[in-house]
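**Student:** Sequence first, predicted coordinates after that:
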Amino acid sequence: MTEPAAQLGPSAGLDWWQTGVVYQIYPRSFADANGDGIGDLAGITEHLDHLAGKPDSLGVDAIWLSPFYPSPDHDFGYDISDYLGVDPKYGSLDDFERLVDACHRRGLKVVIDLVLNHSSSDHPWFQASRASRSGLYADWYIWRDAPGRTLTGRQRPPNNWRSWFGGSAWTWDEPRGQFYHHTFLPQQPDLNWRNPAVREALLGVVQTWLDRGVDGFRMDVFNVFFKDAQLRSNPRRIGRRGAWSWQRHLHDRNQPELHDVLRDLRSIVDTRPGRMTVGELFDGMLADAAQLIAPRHLVFDFTLIGLPWSAASFARTLAARDAVFGPERWPANVLSNHDQPRHASRFTPPGRVHAGLTVADGRAKVAAAMLLTLRGTPFLYYGEEIGLRNLSIPNGQALDPPARRAGFLFPWWNRDQARGPMPWDGGPGAGFSSGRPWLPVGPDAAQRNVAAEASDAASILATYRRLLRLRRSNEALISGSQELLARGAAGVLAYIRRAGSDAAFVALNFGSGRARIDVPVASPGRAWRVAFSTTERVIGDEVAGATSLAPLEALVTTLA
Ligand code: GLC
Ligand code: CA
């Protein structure tokens, strides 16, 4: 399925979504322009200087907006009740156009989130579908009769499929007298992609947003669009805690029909040069991701996002991914997003949440150096550039719906904790809102905020800015091949990136002691010179033979 020729070679042959860096914005939490406590599109437009267009901007190339469509917010926007609108709490279509224009003026691309596996149960399509078994919309969702009753006299669901958000994937609908299927909440019924009318409507949504000028789409849980045509039950297996893992998910995702739809989708997107898609692989493995990567279509495989702070595990996982992807497939690299614990918190040593700030910030800088120098497109999650931590909100106080359903059979990490308001300054509401933010600002917002870090040359923000600048200026870091190195010292992740006569040697000390490493031999007549370090090394100094990395040092050298 891949077209190697389109994806290899110097960056002249690459597209922005390969050479660039994407920044994910969770609109609810980025910036609130009208003081109602909820972030909005106008707030994003006001803060674009932070991202691009000014000498001290972060220097990213694209933003990805999590959903801003009309939604009753059972899953904070991932339950859409109008695919073509903007929810009034985020602004209007005019605000959206203003945002896109403002982005394009400063060279920023705009990627929007499309949630096409399911709609909101408030969507008029679902309302019409549940109202009648024979109407125009009858077959727009996945409806089935009950095959009988349970011992307790309740309607028995059509098969054993589970919802990712806990419980059965089937909900009995009294008005229609049938079950409907939902991979997520009952308020998120799955659309029936086997119905040509549904397919046409959803591809029409893609077309409309392309016409409105967006540069790409992040496709929510795209590998779930198709389920087994016969709705066969999944085979059971011995799992871990949580009923989801007690079956092999053979029939409720990754069906071959998906390829067909992806082809249709791409034929629409491909009519506009420079547009792209990135699919969120739902609960899948590297091999699934490799299957689904296509020209101008990236896949989030999420292999890096779950790893502990260990050079060995990153080395192992990167090697496994390189082996499966080969040199053609272009990876998407992610350490944090709106569904997972923030990596600055994940990587904080246990028991050192407060005391270990230096260590934790040091790790965040090493992680940044890794994310921005690995082969592939880096996706940053708002706030990670200042080392933002998880909020601490127990499930009992959660707004995140699955967290409110959590229990022994359904363990769940409250995602509110990764969705905290962006702290812009040390003022009230952290400069996020003049009102009461929908989630509390973090307890460290007075120190950990954009303004404070902007004026500190040793901050995490300054580190991201330097790394992004270096990345832009170095062909090997943008488009180069990647060779993982075993360089002796345990606790060090090292690799070389090469493109033509450019090369970069990266050594990341995950440990809190010094580590001595061998430096690879440079090409004849050239030397490895320091291009970036988290320590006091002098930029431009030669590094040869062996060098001693400081605790938590990230070192990038380039050939000169
Ligand atoms: C994706 C989204 C997540 C959402 C789910 C259902 O995994 O990233 O936030 O809850 O899909 O739409
Ligand atoms: Ca607002």
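**Tutor:** That came through, no problem. None of these values were measured; they are calculated from a predicted model. Ligands and ions are numbered 1, 2, ... in the order given.
**Student:** For ligand 1, what's its nearest residue on the stretch 301-450 of the chain.
**Tutor:** D339 (4.8 Å; C-beta to the nearest ligand atom). For the C-beta atoms, the positions are set from N, CA and C on the backbone; glycine is no exception.
**Student:** ok, now which ones touch the residue nearest to that residue when sequence neighbours are not counted?
**Tutor:** Excluding its sequence neighbours, the residue lying closest to D339 (C-beta to C-beta, 6 or more residues apart in numbering) is R415, at 5.8 Å. By C-beta atoms under 8 Å, 6 or more residues apart in numbering, the contact list for R415 reads 338-339, 400, 402-403.
**Student:** Cross those against helices and list the overlap.
**Tutor:** Among the contacts of R415, DSSP state H puts 402-403 in helices.
**Student:** Separate out the buried members of the contacts of R415.
**Tutor:** Neighbour-count burial (16 or more other C-beta atoms under 10 Å) is assigned, among these, to 338, 400, 402-403.
**Student:** Distance of A550 relative to E536?
**Tutor:** Computed as C-beta to C-beta, to the nearest Å, the A550 to E536 distance reads 9 Å.
**Student:** Please identify which of these two sits among more neighbours.
**Tutor:** Between A550 and E536, counted using other C-beta atoms under 10 Å, A550 has the larger neighbour count: 18 against 6.
**Student:** so what pLDDT did that one get?
**Tutor:** pLDDT recorded at A550 is 95.
**Student:** so what's the closest residue in space to it that isn't next to it in sequence up against?
**Tutor:** Among residues not flanking A550 along the chain, T535 sits closest, at 4.6 Å (C-beta to C-beta, 6+ apart). Neighbouring residues of T535 by C-beta under 8 Å, 6+ apart: 550, 553, 555.
**Student:** Could you rerun that using 10 Å?
**Tutor:** Residues near T535 by C-beta atoms under 10 Å, 6 or more residues apart in numbering: 509, 549-555.
**Student:** Between the residues you listed, which sits nearest D264?
**Tutor:** Of all the contacts of T535, A554 has the smallest distance to D264: 43.1 Å, by C-beta to C-beta.
**Student:** What number of residues are in the vicinity of the residue nearest to the closest one when sequence neighbours are not counted?
**Tutor:** Spatially, and ignoring its direct neighbours in sequence, A554 is nearest to A369 (3.5 Å; C-beta to C-beta, 6+ apart). By the criterion of other C-beta under 10 Å, A369 has 26 neighbours.
**Student:** Closest to V299 out of the contacts of R415?
**Tutor:** D339 (15.8 Å).
**Student:** pLDDT at that closest one, what is it?
**Tutor:** At D339, the predicted lDDT confidence score is 98.
**Student:** got it, and the one 5 residues further on?
**Tutor:** Each residue has a pLDDT score; the one for A344 is 96.
**Student:** Next, the contact list for it, please.
**Tutor:** 335-336, 360-361, 363-365, 367-368, 383-384, 386-390, 448, 460.
**Student:** now it, what's its secondary structure?
**Tutor:** Here A344 is helix, with the state taken from DSSP: H, G, I helix; E, B strand; the rest coil.
**Student:** That one and ligand 2: what is the separation?
**Tutor:** According to C-beta to the ion, to the nearest Å, A344 and ligand 2 sit 26 Å apart.
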